[in-house]
Each structure stands twice: as structure tokens, then as C-alpha cells.
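Student: have a look; sequence and predicted model below, questions after that.
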Amino acid sequence: MRWIVIAMSVLSLAACKEAAAPSWQGYVEGEYVRVASPEAGILQALKVARGQTVAAGAPLFVLESESEAALRREADQRVLQADARLANLEKGRRPDEIAAIDAQQAQARAALDLARANLARQEKLVASGFVSHAVLDEARAAVDQAAAQVAELAAQRRVARLAARPDEIAAARAEAQAARAALAQAQWRLDRKAVAAPVAGAVQDRLYLPGEFVPAGNPVVALLPPDNLKLRFFVGETELARVKPGQTVRASCDGCGAEIPATIRFVSTQAEYTPPVIYSRENRAKLVYLVEAGVAAKDAARLHIGQPIEVRLP
């Protein structure tokens, strides 16, 4: 009878073991945001320390910017020059220049009056037979010349009050717009020398030190946003059908306290052998599939990069 009870107990324990939810071994991994500047330069200052948590928009580092600042000042002066040229073309001549034309006009009218008076005298003399017709022709030509001079100065005065030709104004306006675009580009390059955090996160590494030359595009600071923390674990071929994207799992680790909920984001379609860092008697030398799950930002503080974890279904 006692042997029967023992056998039933063993079978009961075996059944419980078979019904237990499976668990998988894995580790914590992070996707870093490596912050760089598109401009090269000597690293002038680092504003953060390793392990520091920064908010989005917080200053991270500054590169030397003397050349960019000089280019920005040059572009600013070119904008002023282009605006001044455009304003000059959009208005007429100065009042003093118009006054000079008025004086020349008055002089030309006086010359016209004199020429007309001389023509009247010559006509009387010709009628009396004292002078020849050639002298009369010269007097008439002088009147015509003086009248043409008056008409020319009147036209000059009208032109002096006008702006430049439309084509010249359009060219000057395009030049002013190009100068503003160059100024914006110079300001953009200057702004890129002082780099701020694009996202909130913890400073995981500083890849350069002040005084070192940083090539364009090389990361200077590596950030780890809380949302970029993920769990990587490996599921055996026979259990792959039990996991799918969007499913909730629970992870546990040494020193983590309560289990951490996570949501499966990715299930690999390519099999691989059990990684050597995963120690599991059951899965050793078997084909497994990589699965990634994300954790909430509030739980990310309880995890550390490279930390071993155990994942199970709820």
C-alpha cells in the first residue's frame, strides 16, 4: 500500500512539472542613441558625466566654433549689403541730384527764351533785307537745340524720380534672398557645434575627451533612453508557437524584486544554435529562436545592460 502511495505521488509531481509554464534564459540589452555633430572640430567642453540622466534638449558637448562664428558674421554683413542695394534700386535719386537737374532745366529754359528772342530779331532783319537767310536759319537751329535741351532735362527729371528697372530690382531681390539662405546655413553650422540631447536618457559613455579632435559624424556621447531597453531571450523550436508579437511575458532576475512585465516586439524567423552564454541543460545543442521584448520606462531602472534574466509566460 505504501508503494502505491509513493508511486501516485511521483506521478502527480511529474504531471505538475509537465504542466508548469516554460521559462527561457536571456539577458538585458539596450539600443544606444549615439549623438554626433555633422561638423568636425576640437572638443571644447563636455557638459555631462557617465551615468548622468539628462532630459531632451539638455546640452551635451560643445566643439570649437571660431571659424563658423566668423562665417556667420560674414553672411550677416552680406545680407545687409544685399538689402541696401535692393533698397537703393527701389527708390529714385537723392533730392540733391534732382535739385541739380532742376537747376539745369532752368538754365536750359533761359537759353531757349534767348534763342527765341534772337530768332524774332533775325526775322525782322531778314524782312528788312539787312541780313541773309543763312543767319535766320542759324537762329532757328539755335531755338530747336535749346528746346531739345529743355525736353531732355525734363525726361531726366522724370527718370530720376523712378526706381530702377524691374529686371534689376528682381535680380537684387534674388541676391538678398540668396544672402539670407547663406546666413541660415552659416547659423545652422554654428548651432551644430553646440549639441543637445535629442532624447531623454542616461549617459552610458563619453567617447571623446576635451581637447581631442572629433571628425564630422563621429559620436561623442552615447545615450540610453528608458524605452530603448529590451529583453533578449531564446525559445526552443518546440515552444516557438507559444510566443508571438504583442504577447505579454514576465521576467525575473537576481535583485530585481517583483517580476517585470514585458511585451514581445520581435520573434526571429531564423533558427540558431543555443548561444554559449545561455546555460540550459534542456536547450543545450538545440535550435532556438531569438525573441525580443520591451519593458515599460518605469521598470527600466530595475534592469542593467547584460544582466541575465529568466522569462516565462504569465
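Tutor: Great, that's in hand. Numbers count the residues shown, from 1 in each chain.
Student: what comes into contact with the host helix or strand of Val249?
Tutor: According to DSSP states H and E, Val249 maps onto strand 248-252. Residues from elsewhere that reach strand 248-252 (Cβ atoms under 8 Å, 6 or more residues apart in numbering): 26, 231, 243, 259-264, 293, 295, 309-314. All C-beta atoms are positioned from the backbone trio N, CA, C, and that covers glycine.
Student: can we see that at 6 Å?
Tutor: For strand 248-252, the external contacting residues (Cβ atoms under 6 Å, 6 or more residues apart in numbering) are 231, 259-263, 293, 309-314.
Student: buried among those residues? Make that a PyMOL selection.
Tutor: In PyMOL, this line selects whichever of these come out buried by 16 or more other Cβ atoms under 10 Å:
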select buried, resi 231+259+260+262+293+309+311
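Student: wait, a helix at Ala99?
Tutor: Yes. Judged by DSSP: H, G, I helix; E, B strand; the rest coil, Ala99 forms part of a helix.
Student: partners of Gln25 in the sheet?
Tutor: Glu310 (DSSP bridges).
Student: tell me how many other residues crowd it.
Tutor: By the criterion of other Cβ atoms under 10 Å, Gln25 has 19 neighbours.
Student: so which residue is dead centre in the chain?
Tutor: Trp188 (7.3 Å; Cα atoms, centre = their mean).
Student: now do it against Leu80, distance only.
Tutor: As judged by Cβ to Cβ, to the nearest Å, Trp188 and Leu80 stand 20 Å apart.
Student: and Asp299, what pLDDT?
Tutor: According to the prediction, Asp299 has pLDDT 86.
Student: how about it: what's its closest non-neighbour residue?
Tutor: Nearest non-adjacent residue to Asp299, counting by Cβ to Cβ, 6 or more residues apart in numbering: Ile260, 4.8 Å away.
Student: strands of the stretch 201-314 of the chain, start to end?
Tutor: Applying DSSP state E, counting those that start in this stretch to the stretch 201-314 of the chain gives strands spanning 201-206, 213-214, 219-224, 229-236, 248-252, 260-273, 287-295, 308-312.
Student: what angle do the fifth one and strand 308-312 make?
Tutor: Right, the one you point to is strand 248-252. Strand 248-252 runs at 140 degrees relative to strand 308-312, counting by axes from the mean of the first three to the mean of the last three Cα atoms, to 10 degrees.
Student: ok, now the third one?
Tutor: Relative orientation of strand 219-224 and strand 308-312, computed by the same axes, to 10 degrees: 40 degrees.
Student: tell me what strand 219-224 is packed against?
Tutor: When contacts are defined as 3 or more Cβ pairs under 6 Å, 6 or more residues apart in numbering; DSSP states H and E, strand 219-224 packs onto strand 33-36, strand 201-206.
Student: dump these to CSV, plus distance to Phe213 and mean neighbour count.
Tutor: Listed next are the helices and strands packed on strand 219-224 as CSV, based on distance: least, Cβ to Cβ, whole Å; neighbours: other Cβ atoms under 10 Å:
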stretch, distance to Phe213, mean neighbour count
strand 33-36, 14, 17
strand 201-206, 15, 19
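Student: got those as TSV, with mean pLDDT and distance to Ala134 columns?
Tutor: TSV is the format used below for the helices and strands packed on strand 219-224 (pLDDT from 0 to 100; distance: least, Cβ to Cβ, whole Å):
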stretch	mean pLDDT	distance to Ala134
strand 33-36	96	92
strand 201-206	93	102
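Student: sweet, I'm off.
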